[in-house]
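Sequence and predicted structure below; questions after.
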Amino acid sequence: MYSVNYHRAASVADAVKLLETGDAKLLSGGMTLIPAMKTRLAAPSDLVDLSHIEELKGIEVAGSAITIRASTTHYDVARDERLKTACPALARMASLIGDPAVRYKGTIGGSIANNDPAADYPAALLALDATIVTNKREIAADAFFTGLFETALEDGEIVTAVTFTAPAKAAYEKFRNPASRYAIVGVFVAKGADGIRVAVTGAGDNGVFRSKEIEAALATNFDAAALNGVKVPANELMTDIHASADYRANLIVVMAKRAVAAANA
Amino acid sequence: MSDISLTVNGKRVSGTAEDRTLLVHFLRENLGLTGTHVGCDTSQCGACVIHVDGKAVKSCTMLAVQASGSNVVTIEGLADGADLHPVQAAFKEHHGLQCGFCTPGMIMTATDMINRHPEGLNEATVRAELEGNICRCTGYHNIVKAILAASETMSKGRARQAA
């Protein structure tokens, strides 16, 4: 790891000020950033640690209105009893991220700000039609995830919370890479007040995306059988040593079927 | 450079280290606690798992300065004098180690896992929750047996305390 200067922010305002130092980066759970720094894929001059800011912690469930603050760990999302009742699909999804040690440290804000193309949270937030709240504004998930490791966040902008309305039904299914355990394909389906939303992670050439084909097929019949014969185009899907684009295209439909079945169970 | 102060295995310790110093290196090199191992460079193997504020985390994926002010328990802090911790005793009894390199991390992960599941564990849960610990001798079978046995012993201990 290259040399770095560490700063512990006491508040969001403090973090914004500290971010102006050199080529500073925000540090939340560090489960992606620290490994990237160890291999010198990332080399910020300064780190601004958000994990001691109290205003960034906690989950609020008010009926179907859910707020998860940015520094909430995957462990806390997975075990929150009110969230498990209001939106069990998201709590379960958090329980499937990484391993127990990663879930203790990794945060929802860190995950979405990083927007790894194989991360789980981007698919969940896109399918749940979530709103990403920052220190400056509110951004719809549809506009937030803009590409591989790219988001709509501007300089000096910090994710403070995520809000969404609990859907009537939802589920997440992922097919893991057997070695890295990241999603080769992960599909989050949600049946909300405004219809069906289906988001896919791990597969898109440009990161997380919604599958119009699957959403259309489920719009009139929210049943796994409605996806029989549905084809997802492979032309904008990733090909790597683990899976070809065609393989991923097929897997998206398979995972979507499983997710719909789980959501209806 | 930053001043770092921690409670490690019940003792207050402090030192100065570069901000880029990983917690595992601070423990091993500044404090001489070499029971915590470094097995990979990619945060995957779990040989470096310790407890920070009661949670099992990878000390190779945390800066020492991040942990300043925390309460840390390493493998050296688990036994009560000459009496092995129930998880250590179960690893010995069930031959839950071969070369032993992954063992400190396995035991710290197992202790946390058992604490998190006071209702008891089954084989599938143990195997799923060992996701972040790799044994390159591939001796998982006896590790799983040892964790299940330790879970039973510790729940009996809790029952005795409650009685």
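That came through fine.

Run a quick neighbour tally on B:Met1.
10 (other CB atoms under 10 Å in any protein chain shown). The C-beta positions use only the backbone N, C-alpha and C, and glycine is treated the same way.

Now stretch A:145-163: average pLDDT?
If you average the pLDDT over stretch A:145-163, you get 97.

buried residues in it?
Within stretch A:145-163, the residues scored as buried using 16 or more other CB atoms under 10 Å in any protein chain shown are A:Phe145, A:Thr151, A:Leu153, A:Glu157, A:Ile158, A:Val159, A:Thr160, A:Ala161, A:Val162, A:Thr163.

residues in contact with the third one?
It refers to A:Leu153. A:Ala113, A:Thr134, A:Phe144, A:Val159 (CB atoms under 8 Å, 6 or more residues apart in numbering or on different chains).

Nearest to chain B among those?
A:Ala113 (17.7 Å; CB to the nearest CB).

so which helix or strand takes in that closest one?
helix A:108-114 (DSSP states H and E).

next one: that helix to chain centre, how far?
The chain centre lies 7 Å from the centre of helix A:108-114; the measure is CA atoms, centre = their mean, to the nearest Å.

Just the ones of the buried residues of stretch A:145-163 in strands?
Within the buried residues of stretch A:145-163, residues falling in strands by DSSP state E are A:Phe145, A:Thr151, A:Val159, A:Thr160, A:Ala161, A:Val162, A:Thr163.

Spit out the contact partners of the residue most central in space within chain B.
Ranked by distance to the mean C-alpha position of chain B (CA atoms, centre = their mean), the top residue is B:Met108 at 1.9 Å. Shown in contact with B:Met108 (CB under 8 Å, 6+ apart): B:Val49, B:Ile50, B:His51, B:Ala56, B:Val73, B:Thr74, B:Ile75, B:Leu78.

Relative to chain A, how far out is the fifth one?
It refers to B:Val73. Remark: distance between B:Val73 and chain A (CB to the nearest CB, to the nearest Å) = 14 Å.

Apart from its neighbours in sequence, what residue is nearest that residue?
Among residues not flanking B:Val73 along the chain, B:His51 sits closest, at 4.2 Å (CB to CB, 6 or more residues apart in numbering or on different chains).

pLDDT value on that neighbour, please?
98.

wait, doesn't it sit right on B:Glu76?
No. In this structure, B:His51 is not within contact of B:Glu76 by CB atoms under 8 Å, at 11.9 Å.

and those two? which has more neighbours close in?
B:His51 (24 against 17).

Around chain B, pick out the residues from the stretch 101-250 of chain A.
The stretch 101-250 of chain A comes close to chain B at residues A:Ala101, A:Val102, A:Tyr104, A:Lys105, A:Arg181, as judged by CB under 8 Å from any CB of the partner chain.

Helices of the chain, start to end?
Just so you know, I chose chain A. A:12-18, A:33-38, A:74-79, A:81-86, A:88-95, A:100-105, A:108-114, A:121-127, A:141-144, A:212-219, A:245-264 (DSSP state H).

that answer is for a different chain, and I need it for chain B
Using DSSP H, helices in chain B cover B:23-25, B:86-93, B:103-116, B:123-129, B:140-162.

Just the buried positions in the second one, please.
Under the neighbour-count criterion of 16+ other CB under 10 Å, helix B:86-93 has B:Pro86, B:Val87, B:Gln88, B:Ala89, B:Ala90, B:Phe91 buried.

Export the residues you listed as CSV, with columns for pLDDT.
CSV is the format used below for these (pLDDT from 0 to 100):
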residue, pLDDT
B:Pro86, 97
B:Val87, 98
B:Gln88, 98
B:Ala89, 98
B:Ala90, 98
B:Phe91, 98
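
Point out the one among the helices of chain A that comes closest to B:Ile134.
Closest to B:Ile134 of the helices of chain A, according to CB to CB: helix A:100-105, at 12.2 Å.
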